[in-house]
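Asks: Based on what follows, work out the 3D shape:
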Amino acid sequence: MQIDIKEIRILMKRWPVLTHLISAIIIFCIIIFFVLKGLNAYTLHNQAIVIPDIKGLMMYDAAVFLENKGLRFEVIDSVYTQEVKSGAIVEVIPAIGSKVKKGRIVFIRINAYTAQMAAIPDVKDRSLRQGELLVKAQGFTSVEIKYVNSPYRDLIIGIELSGKLLSPGEMAPLTSALILHVGDGGLTQELTDVTPTEGTDSND
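Replies: As a prediction, the model looks like this:
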């Protein structure tokens, strides 16, 4: 079946509105086709890469692994934790298992080689509640309480670390196990006073 060009021209002249409508639809379809084609190439549709589990790996090992996956990386921060060895990866953003495009930058936090340090706050003669808040505000998370002989109940006497009383302003690792020496209100002395001495008859 041959298409008669002359007849098509006659029809186009007879129904110009319909002709323009069909032409517009054809042009619109062509534009949509190329737009979708371009978006597909730009976003690498159906070519998602899963963020691998690199937590705990050293940075030089993870770098090779990520590059082989077609991913870029950037170290944004370091924190200190005892969960992984020093210099190893602690956290990955986006999260492990997330699907991303090829060439995406993966942000990495690594474990610092030394613990972060902070100054010991001046908590002497402060209440237990105030002292705890000041110590934790500095970033210390491991804080214990030890009651010692003092006439003032719940008043802080000092801060101990590894058997040593620290001075205000002295630096200590944030992972330190600090002990707050807190007054017991004389309770220890009272117990000592009522404790029977050796050779004393308790019935006397």
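
Asks: Would you map the strands across the chain?
Replies: For the chain, strands defined by DSSP state E occupy the ranges 49-50, 72-79, 89-93, 99-100, 105-111, 117-119, 142-148, 153-161, 164-166, 171-173, 177-184.

Asks: Redo these as JSON lines? Include mean pLDDT.
Replies: Converted to JSON lines, the strands of the chain look like this (pLDDT from 0 to 100):
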{"stretch": "strand 49-50", "mean pLDDT": "87"}
{"stretch": "strand 72-79", "mean pLDDT": "86"}
{"stretch": "strand 89-93", "mean pLDDT": "92"}
{"stretch": "strand 99-100", "mean pLDDT": "88"}
{"stretch": "strand 105-111", "mean pLDDT": "91"}
{"stretch": "strand 117-119", "mean pLDDT": "90"}
{"stretch": "strand 142-148", "mean pLDDT": "93"}
{"stretch": "strand 153-161", "mean pLDDT": "94"}
{"stretch": "strand 164-166", "mean pLDDT": "94"}
{"stretch": "strand 171-173", "mean pLDDT": "91"}
{"stretch": "strand 177-184", "mean pLDDT": "94"}
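
Asks: closest one to P16 among the ones you listed?
Replies: Evaluated over these, closeness to P16 peaks at strand 99-100, with 51.1 Å, by Cβ to Cβ. In this view, the C-beta of every residue, glycine as well, is placed from N, C-alpha and C.

Asks: helices or strands next to the closest one in the packing?
Replies: strand 49-50 (3 or more Cβ pairs under 8 Å, 6 or more residues apart in numbering; DSSP states H and E).

Asks: In its sheet, which strands sit next to the strand it packs on, and in what direction?
Replies: Strand 49-50 has the following sheet partners, assigned by DSSP bridges: strand 99-100 (antiparallel).

Asks: Return the residues in contact with the nearest residue to D154 once chain neighbours are set aside.
Replies: Once flanking residues are discounted, D154 sits nearest to L128: 4.4 Å by Cβ to Cβ, 6 or more residues apart in numbering. By Cβ atoms under 8 Å, 6 or more residues apart in numbering, the contact list for L128 reads I145, D154, L155, I156, L180, V182.

Asks: Out of those residues, who's the most crowded?
Replies: When neighbours are taken as other Cβ atoms under 10 Å, the top entry among those is I156 (25 neighbours).

Asks: what about the closest residue to it other than its chain neighbours, how many residues close to it?
Replies: Nearest in space to I156, with sequence neighbours left out and distances taken as Cβ to Cβ, 6+ apart, is G131 at 4.3 Å. Number of residues near G131 (other Cβ under 10 Å) recorded here: 26.
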